[in-house]
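Enquirer: Here's my sequence, what's the structure:
(one chain, ligands or ions: 2)
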Amino acid sequence: MPIRLYNTLTRTKEEFVPLDPANVRMYVCGPTVWDYAHIGNARPVIVFDVLFRLLRQIYGADHVKYVRNITDVDDKINARARSEGIAIGELTERTTRQFHEDIAALGVLPPTVEPRATQHIAGMIAIIERLISSGHAYVADGHVLFDVPSMPDYGQLSRRSLDEMLAGARVDVAPYKRGEMDFVLWKPSDAETPGWDSPWGRGRPGWHIECSAMSWQHLGEEFDIHGGGIDLVFPHHENEIAQTRCAFGHPIMAKYWMHNGFLQVEGQKMSKSLGNFLTIRQLLDDWPGDVLRFNMLRTHYRQPIDWTLQSLQESRRVLLNFQKHYTPGLDRTYGPEAPVELIDALSDDLNTPSAIAVLHEMLAAIVKLERANDPEQHRVRNRFSNALRLLGFANLDQLQHRGMGNLDKAEESKVDFLIAARLAARKAKNWAESDRIRDELAAMGIAIKDNKDGTTSWEVKR
Ligand code: AMP
Ligand code: ZN
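Expert: Numbers count the residues shown, from 1 in each chain. Ligands and ions are numbered 1, 2, ... in the order given. Prediction:
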């Protein structure tokens with residue numbers, strides 16, 4: 001089955017035909033490293049990791065190049081570094097390291113290249129010079145601006161009206177701009193602000209030009225897939241297209257544009273003021289990374305996700321059940337047999353909910369074969385384990401959480417509370433209450449054992 005992907009550029013699901021199947025190329029906008037990444041930032045990282053794995057499976061690991069950048073020059077970074085009284089390099093080193101630790105725990109493969117914006121300033125200047133000399137950009141008041149009316153088909157990706165574009169871009173009304181929609185390619189830096197020498201004086205790049213330069217350097221003037229969150233369609237991706245196409249004169253920048261939907265928490269937009277802002281790091285304190293990854297993949301990438309405690313608990317329950325039938329490492333007898341049904345599900349615009357349904361079907365088949373003592377169970381089990389590995393669950397056998405059994409914090413404190421209440425009931429010789437609590441714990445899947453020394457230990461039986 002060929003891969004089909006929804007292309008934001010055409011608003012249709014299209015068959016994926018790479019420009020060069022021996023060199024499949026994908027660029028995804030990475031994080032701006034100024035603070036811990038939140039769980040919404042993890043969504044594109046996980047979604048495009050699944051696509052990377054699928055492409056490697058189909059075209060071969062050596063024939064796929066995945067570039068995901070680090071934005072390490074940005075005014076948010078400058079402001080944070082100033083408030084902490086440290087150099088921007090120190091801040092971005094620290095936050096990049098934190099980002100790497102977080103996403104490694106989510107089972108994400110490193111991209112082929114992870115370029116940093118600060119290492120591509122020369123490429124940015126080269127593109128801007130091309131844009132100026134071809135009449136698509138102009139210098140004004142120490143700034144260089146992209147001349148939007150110079151590109152007749154500007155706006156193809158977002159398909160917005162001029163009014164909508166103006167509202168979406170939150171354009172600054174600046175006296176040096178020729179047109180309202182014109183956007184910054186280069187801006188001047190004062191003595192306190194980081195800057196680089198350029199033909200237009202000491203300054204720093206605008207945000208959009210960074211990705212045009214990094215994708216050009218590592219993937220070329222045209223490539224296959226460009227991805228990011230839905231919020232990036234406008235203005236970021238629209239402006240990347242404008243810069244790259246006008247600098248190099250091609251009808252496309254990337255053939256397929258893919259965007260993940262937004263993540264919200266318990267039905268609300270995530271925000272610091274609502275107190276529902278979740279960093280990946282905080283979540284990893286309470287949940288194994290595999291559970292976070294699985295919870296992300298239960299929703300199709302284009303749909304919004306509602307991230308809830310209940311869905312996390314459900315994800316953990318399902319994964320624990322999968323774990324019981326998972327074989328770590330390759331089964332030598334059956335080898336790397338490809339899980340065809342799972343690949344088909346992913347090939348349909350990365351349909352991870354249907355890939356998970358395939359896993360449930362395989363599991364049901366394994367259980368049936370086990371009951372019948374049928375040796376075919378080993379083959380299905382091998383395919384099931386390969387399927388889980390393809391989805392990025394390589395270490396399911398280590399899905400133990402803090403050595404305490406497989407409970408989250410809330411459940412753990414409930415167990416502690418019930419055990420204390422039961423000990424108190426026993427002390428008061430209230431045997432009926434003590435038995436009732438034992439039954440309540442059993443219903444939660446907790447088996448308890450009274451020890452000779454008067455203490456009680458417990459283990460998770462589910
Ligand atoms: P940023 O660090 O803000 O540039 O964002 C990095 C990536 O995370 C981009 O692809 C964004 O589109 C994506 N992103 C940010 N917030 C969310 C969210 N709440 N849900 C899904 N994706 C998000
Ligand atoms: Zn970008």
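
Enquirer: Can you show me the strands along the stretch 101-250 of the chain?
Expert: Ranges of strands in the stretch 101-250 of the chain, per DSSP state E, counting those that start in this stretch, are 137-140, 143-146, 183-188, 203-205, 223-229.

Enquirer: so which of these gets nearest residue 270?
Expert: With respect to residue 270, and counting by CB to CB, the nearest of the strands of the stretch 101-250 of the chain is strand 223-229 at 12.6 Å. In this view, the C-beta of every residue, glycine as well, is placed from N, C-alpha and C.

Enquirer: Would you mind listing the outside residues contacting that closest one?
Expert: 5, 16, 18-19, 24-29, 40, 43-44, 47-48, 51, 215, 236-237, 240, 253-260, 262 (CB atoms under 8 Å, 6 or more residues apart in numbering).

Enquirer: For stretch 180-194, buried residues please.
Expert: Residues 181, 182, 183, 184, 185, 186, 187, 188, 189, 194 are the ones in stretch 180-194 that count as buried (16 or more other CB atoms under 10 Å).

Enquirer: what's the answer for stretch 99-111, then?
Expert: 99, 102, 103, 105, 106, 107, 108, 109, 111.

Enquirer: Report the two of the residues you listed separated the most.
Expert: Checking the buried residues of stretch 99-111 with CB to CB, the most distant pair is 105 and 111, at 16.6 Å.

Enquirer: one step back: ok, so of the buried residues of stretch 99-111, who is nearest ligand 2?
Expert: Set against ligand 2, the nearest of the buried residues of stretch 99-111 by CB to the ion is residue 111 (13.6 Å).

Enquirer: if I look at that closest one, how far off is ligand 1?
Expert: 14 Å (CB to the nearest ligand atom, to the nearest Å).

Enquirer: quick one, what contacts that residue?
Expert: Contacts of residue 111 were listed using CB under 8 Å, 6+ apart, and they are 28, 52, 66, 67, 68.

Enquirer: my guess is residue 209 contacts residue 185, does it?
Expert: Yes - at 5.1 Å, residue 209 and residue 185 qualify as touching, with contact defined as CB atoms under 8 Å.

Enquirer: any common contacting residues for the two?
Expert: Listed as contacting both residue 209 and residue 185 by CB under 8 Å, 6+ apart are 124, 128, 243.

Enquirer: Just the closest of these to residue 421, please.
Expert: Comparing the shared contacts of residue 209 and residue 185 against residue 421 with CB to CB places residue 124 closest, at 64.3 Å.

Enquirer: what's the burial count for that closest one?
Expert: 27 (other CB atoms under 10 Å).

Enquirer: And the residue in the chain that ligand 1 sits nearest to, how far from residue 396?
Expert: Here the residue of the chain nearest ligand 1 is residue 229; by CB to the nearest ligand atom that distance is 1.9 Å. Using CB to CB, to the nearest Å, residue 229 is found at 28 Å from residue 396.

Enquirer: more crowded one of those two?
Expert: More neighbours surround residue 396 than the other of residue 229 and residue 396, with 22 against 19 (other CB under 10 Å).

Enquirer: May I have the residues that are in contact with that one?
Expert: Applying CB under 8 Å, 6+ apart, the residues near residue 396 are 290, 319, 322, 323, 326, 328, 388.

Enquirer: The shared contacts of residue 209 and residue 185 in helices, which ones?
Expert: 124, 128, 243 (DSSP state H).

Enquirer: which non-adjacent residue is nearest the second one?
Expert: Same thing as residue 128. In space, and not counting its chain neighbours, residue 128 is closest to residue 185: 4.9 Å by CB to CB, 6 or more residues apart in numbering.

Enquirer: wait, isn't the one you found in contact with residue 126?
Expert: No - judged on CB under 8 Å, residue 185 makes no contact with residue 126 at a distance of 11.8 Å.

Enquirer: need the residues of the chain near ligand 1, please.
Expert: Applying CB under 6 Å from any ligand atom, we find that the chain lies next to ligand 1 at 29, 31-32, 40-41, 43-44, 228-229, 231-232, 260, 262-263, 270.

Enquirer: and those residues near ligand 2, which?
Expert: residue 29 (CB under 5 Å from the ion).

Enquirer: before we move on, back to that, rebuild the shared contacts of residue 209 and residue 185 as TSV, extending it with distance to residue 440 and pLDDT.
Expert: As requested, these are arranged in TSV below (distance: CB to CB, whole Å; pLDDT from 0 to 100):
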residue	distance to residue 440	pLDDT
124	63	98
128	68	98
243	63	98
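
Enquirer: Of those residues, which is the nearest to residue 142?
Expert: Using CB to CB, residue 128 comes nearest to residue 142 of those, at 13.4 Å.

Enquirer: mind listing what the closest one touches?
Expert: 137, 144, 185, 186, 209.

Enquirer: same deal with residue 87?
Expert: Residues near residue 87 by CB under 8 Å, 6+ apart: residue 81.

Enquirer: Relative to residue 111, how far out is it?
Expert: 26 Å.

Enquirer: Now do the same contact list for residue 390.
Expert: Contacts of residue 390 by CB under 8 Å, 6+ apart are 53, 54, 57, 339, 342, 343, 346.

Enquirer: May I have the phi/psi pair for the fourth one?
Expert: Per-residue torsions, residue 339: phi -80, psi 90 (degrees, to the nearest 10).

Enquirer: My guess is it contacts residue 382. True?
Expert: No - between residue 339 and residue 382 there is no contact under CB under 8 Å: 9.4 Å.

Enquirer: Low-confidence ranges, this protein, go.
Expert: The chain contains residues with pLDDT under 70 at 169-172, 400-409, 452-455, 461-462.

Enquirer: How is it partitioned into domains?
Expert: 4-260, 264-398, 409-460 (automatic domain parsing).

Enquirer: Wait, a strand at residue 27?
Expert: Yes - according to DSSP: H, G, I helix; E, B strand; the rest coil, residue 27 belongs to a strand.

Enquirer: and the gap between it and residue 69?
Expert: Residue 27 is 8 Å from residue 69, where distance means CB to CB.

Enquirer: tell me, what's touching those two both at once?
Expert: Common neighbours of residue 27 and residue 69 (criterion: CB under 8 Å, 6+ apart): 211, 214.

Enquirer: Of these two, give the one with the bigger neighbour count.
Expert: Taking neighbours as other CB under 10 Å, residue 27 and residue 69 compare with residue 27 leading, 29 against 24.

Enquirer: thinking the more buried one is in contact with residue 213, fair?
Expert: No - taking CB under 8 Å as the definition, residue 27 is not a contact partner of residue 213, at 11.4 Å.

Enquirer: before we move on, the earlier item: so for residue 339 and residue 382, which sits in the more crowded spot?
Expert: residue 339 (25 against 20).
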